[in-house]
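> no sequence on this one, just coordinates:
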Ligand code: GAL
């Protein structure tokens with residue numbers, strides 16, 4: 001065959017075709033979650049390659065083994081740890097690599113393993129990584145076999161020393177795992193750093209530094225900035241860079257008329273880095289980023305892109321209720337959506353580095369994140385916690401945390417510690433200053449964002465605040481001390497933020513009368529709670545909170561008063577597993593949430609919504625099922641209206657309006673069966689109304705899915721709310737009927753819950769009792785397209801069913 005017979009365009013076409021068909025991808029990042037085996041407990045040298053794991057359980061990651069265990073009053077994790085056991089677990093995975101992978105660098109990335117993980121590849125150990133929240137990478141390259149020979153990766157997870165956490169930690173490889181393959185010249189792990197030092201409406205300077213690793217030779221680096229529509233807006237090439245062990249390329253861009261990242265429009269650009277040598281593409285690496293500027297001002301608080309924003313944040317722990325800590329992106333997204341709908345614009349990752357997916361979501365959805373690293377330093381909070389590893393690991397863990405998270409536009413503040421015992425005592429312990437100085441230096445070398453510590457001691461003897469090392473003054477609680485004069489008198493003129501607040505205690509749908517009788521629990525840790533409710537509930541009026549905290553109302557009133565308060569992070573957005581203050585066993589999950597563990601809002605959710613959203617809110621509570629003539633306090637949270645009028649069976653109970661710094665209205669009324677209705681008016685016109693009827697006996701079930709179509713990816717979820725209603729469809733406010741689920745088709749039940757803090761039944765059972773009328777089933781795709789039918793039944797009630805499309 002003679003080449004000259006072909007035209008030039010045809011030859012080009014053949015060349016392109018060859019490149020497309022036979023080109024090696026430059027970088028591969030594979031989901032490495034599938035096909036692991038798992039064993040709970042000791043085994044005879046399972047790290048050895050020849051170990052036979054045929055009898056072990058087969059599973060896909062992410063996996064939290066603790067959530068599968070029964071609640072246990074004797075668990076050494078204590079109720080603080082959710083009364084679920086930790087223990088020792090082993091994971092194994094056998095895999096092969098094609099011969100064509102030889103010569104590549106092959107890494108394994110763990111987003112998080114709780115805790116004390118030790119990873120073995122083909123019998124070689126990388127040593128122990130104690131921190132259960134940190135992301136880490138190992139270079140597998142020199143230990144691997146290719147061309148169909150078997151490789152065995154083994155992960156030992158040791159969460160057996162207990163207690164080691166003040167909340168439910170979960171156990172296992174509970175975050176995602178990735179296998180990354182690169183050529184010999186490549187962008188390092190977390191190897192880009194993007195800052196936007198000068199930003200205005202007309203232009204932005206974007207600095208991008210890229211760490212390139214390799215084993216010699218020369219390469220060109222091209223970085224292209226691509227806007228959200230996928231259009232390149234700037235590009236630069238640096239030619240002939242000598243790649244030694246490590247080379248950092250620094251590029252400066254100017255973006256005209258940038259679209260700024262904001263809470264309303266969280267606009268993301270991408271930096272696409274390409275490394276080429278002799279025209280051959282060696283690596284391609286993408287970094288999403290945002291362009292925005294912000295400021296913390298001592299007098300005016302926080303501003304984003306020049307506009308004042310009061311940070312209305314929540315603290316959350318990392319569990320996902322009945323799913324445990326096994327990360328699921330949809331479950332996280334749902335939590336954030338529920339928060340956003342309430343008016344929340346900030347998230348604190350208390351008290352540890354979060355799953356990377358949380359920050360990706362916060363970037364896309366628009367949240368102001370306080371990204372926290374530690375709950376303790378050298379001095380412990382529980383016997384076997386991270387304090388034991390602190391000296392050896394804190395510099396590395398903090399460095400890795402910052403390197404991983406510093407390109408996220410949603411991250412605004414680094415918190416290097418929560419309620420650190422080294423705040424010092426009245427006697428003047430100053431050991432924390434050394435650590436704090438060291439950490440500030442680490443952060444400053446890596447990033448420009450402000451740092452903070454979350455301080456529960458705000459007296460002038462606090463060594464951390466006194467040292468003046470952090471950029472922000474952070475208070476946990478002490479709402480009566482937030483006046484700028486008081487803060488500045490003690491600490492000078494430094495921006496102020498409330499790192500944690502409130503700690504109110506509430507059970508959804510439970511009310512202790514009268515609503516102005518205060519339950520400040522626990523008075524003392526060493527004594528049982530006096531006047532405890534026999535059913536271990538806490539009142540969902542604003543009358544139950546901890547002595548160090550306050551009602552939401554009291555804290556909010558102070559928060560709204562002072563411009564100098566940059567923001568606050570309320571303890572907590574969601575109830576979480578563990579820390580069931582103020583109660584002992586059988587309470588096993590917290591009462592602090594604005595939303596319960598199942599994701600059902602408590603009444604106070606609507607207080608925030610009325611204050612911090614533009615939605616028309618009129619929330620009337622409690623329910624209308626009481627004893628004849630019982631005195632009941634009817635509360636309403638409302639906005640966008642001048643007044644609210646209450647009617648009982650059509651008779652007015654009077655018109656009320658919020659005055660001064662009041663945030664709600666209340667009527668003290670006599671109960672009579674029938675209906676209660678609130679009507680809000682603006683300028684004499686009705687803007688909203690809310691009707692509650694006395695419910696009859698439970699008669700039927702209603703099911704509602706948050707999404708009726710989900711992805712067939714084996715991970716996506718539909719959250720199905722179950723309501724127990726009377727024959728007319730009114731929610732039965734104390735219904736506790738047992739709901740049994742049947743599921744068929746392309747899915748399974750990943751968990752069930754009802755939001756009750758003392759429910760000791762398994763989240764993995766196919767049935768659950770309603771709690772105050774509600775229950776939840778979480779339905780997960782099994783990876784196959786099709787549909788799912790979920791049926792909910794209960795003895796004596798009309799059943800209900802729902803279809804979910806999976807595609
Ligand atoms: C805070 C602490 C939180 C949580 C909370 C409960 O002092 O920072 O982690 O324990 O109390 O009120």
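Arrived safely, thanks for sending. This structure is a prediction, so every number in the text was calculated from the model and none was measured. Residues are numbered from 1 along each chain as shown.

> what is the three-state secondary structure of residue 464?
Secondary structure assignment for residue 464 (DSSP: H, G, I helix; E, B strand; the rest coil): helix.

> surely it and residue 433 touch.
Yes - counting by C-beta atoms under 8 Å, residue 464 touches residue 433, with 7.2 Å between them. For glycine as for every other residue, the C-beta is placed from the backbone atoms N, C-alpha and C.

> more crowded one of these two?
Neighbour comparison, residue 464 and residue 433: the larger count goes to residue 464, with 25 against 16 (by other C-beta atoms under 10 Å).

> quick one: the more buried one and residue 154, what's the gap?
When C-beta to C-beta, to the nearest Å is the yardstick, residue 464 and residue 154 sit 41 Å from each other.

> again with residue 658
Looking at residue 658 against residue 154, where the rule is C-beta to C-beta, the gap reads 62 Å.

> show me which of those two is the more surrounded one.
Between residue 658 and residue 154, counting by other C-beta under 10 Å, residue 154 is the more crowded of the two (25 against 18).

> can you pull the contacts of the more buried one?
Residue 154 makes contact with 46-47, 51, 90-92, 119-120 under the criterion C-beta atoms under 8 Å, 6 or more residues apart in numbering.

> so what's the backbone phi/psi at residue 330?
In this entry, residue 330 is assigned phi and psi values of phi -70, psi -40 (degrees, to the nearest 10).

> any idea how many residues pack against the closest residue to the ligand within the stretch 351-500 of the chain?
Scanning the stretch 351-500 of the chain for the residue nearest the ligand gives residue 419, at 4.7 Å (criterion: C-beta to the nearest ligand atom). Around residue 419 there are 19 other residues, counting by other C-beta under 10 Å.

> list the buried ones in the host helix or strand of residue 253?
With secondary structure defined by DSSP states H and E, residue 253 is part of strand 246-256. Neighbour-count burial for strand 246-256 flags 247, 249, 251, 253, 255 (criterion: 16 or more other C-beta atoms under 10 Å).

> just stretch 661-668 next, same as before
Going through stretch 661-668 with 16+ other C-beta under 10 Å, the ones that come out buried are 663-667.

> what residues are up against the residue of the stretch 351-500 of the chain closest to the ligand?
375, 454-456, 476.

> give the contact list for the nearest residue in space to residue 170 that is not next to it in sequence.
Sequence neighbours aside, residue 325 is the residue nearest to residue 170 in space, at 2.9 Å (criterion: C-beta to C-beta, 6 or more residues apart in numbering). For residue 325, the residues meeting the contact criterion (C-beta under 8 Å, 6+ apart) are 64, 66-67, 114, 168-170, 174, 318-319.

> strand 246-256 and the lengthiest strand in the chain, what's the angle between them?
Across the chain, the longest stretch assigned as strand under DSSP state E is strand 186-199. Computed with axes from the mean of the first three to the mean of the last three C-alpha atoms, to 10 degrees, the direction of strand 186-199 lies at 40 degrees from that of strand 246-256.

> same question for the helix or strand that strand 186-199 is followed by: list its buried residues.
Tracing the chain past strand 186-199, the next element assigned as helix or strand by DSSP H and E is strand 203-213. Going by neighbour count (16+ other C-beta under 10 Å), the buried part of strand 203-213 is 204-206, 208, 210-213.

> can you list the helices and strands that the helix or strand following strand 203-213 packs against?
Under the assignment DSSP H and E, the closest C-terminal helix or strand after strand 203-213 is strand 218-226. Strand 218-226 makes packing contacts with strand 203-213, strand 232-242, strand 246-256, strand 269-277 when contacts are defined by 3 or more C-beta pairs under 8 Å, 6 or more residues apart in numbering; DSSP states H and E.

> can you give me the end-to-end distance of stretch 666-682?
18 Å (C-alpha to C-alpha, to the nearest Å).

> any idea how far it is from the chain center?
For stretch 666-682, the distance between its averaged C-alpha position and the chain's averaged C-alpha position is 38 Å (C-alpha atoms, centre = their mean, to the nearest Å).

> just the mean pLDDT for it, thanks.
Summarised as a single mean, pLDDT over stretch 666-682 is 98.

> cool, stretch 550-562 as well?
Here stretch 550-562 scores 98 as its mean pLDDT.

> now do the buried residues in that stretch.
For stretch 550-562, the buried set under the neighbour-count rule, 16+ other C-beta under 10 Å, comprises 550-559.

> next one: stretch 134-146
Of the residues in stretch 134-146, those buried by neighbour count under the rule 16+ other C-beta under 10 Å are 134-138, 140-141, 143-144, 146.

> show me what it is in contact with.
Against stretch 134-146 from outside (C-beta under 8 Å, 6+ apart): 97-99, 101-102, 104-112, 119, 121-122, 124, 126, 129, 151, 153, 175, 180, 189, 353, 356, 397, 400-401, 404.

> select only the buried ones of those in PyMOL?
When burial is assessed using 16+ other C-beta under 10 Å, the buried subset of the contacts of stretch 134-146 is captured in PyMOL by this command:
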select buried, resi 97+101+104+105+106+107+108+109+110+111+112+119+121+122+126+129+151+153+175+180+189+353+356+397+400+401+404
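
> now, which of the contacts of stretch 134-146 lie within helices?
For the contacts of stretch 134-146, the ones inside helices are 356, 397, 400-401, 404, with DSSP state H as the criterion.

> wait, what's in contact with the residue of the stretch 701-807 of the chain found nearest the ligand?
Shortest the stretch 701-807 of the chain-to-the ligand distance, computed as C-beta to the nearest ligand atom: residue-wise this is residue 757, at 14.0 Å. Counting by C-beta under 8 Å, 6+ apart, residue 757 makes contact with 507, 536-537, 575, 580, 583, 587-591, 597.

> likewise for residue 41?
By C-beta under 8 Å, 6+ apart, residue 41 lies in contact with 87-89.

> rerun that using 10 Å as the cut-off
When the contact criterion is C-beta atoms under 10 Å, 6 or more residues apart in numbering, the partners of residue 41 are 87-90, 160.
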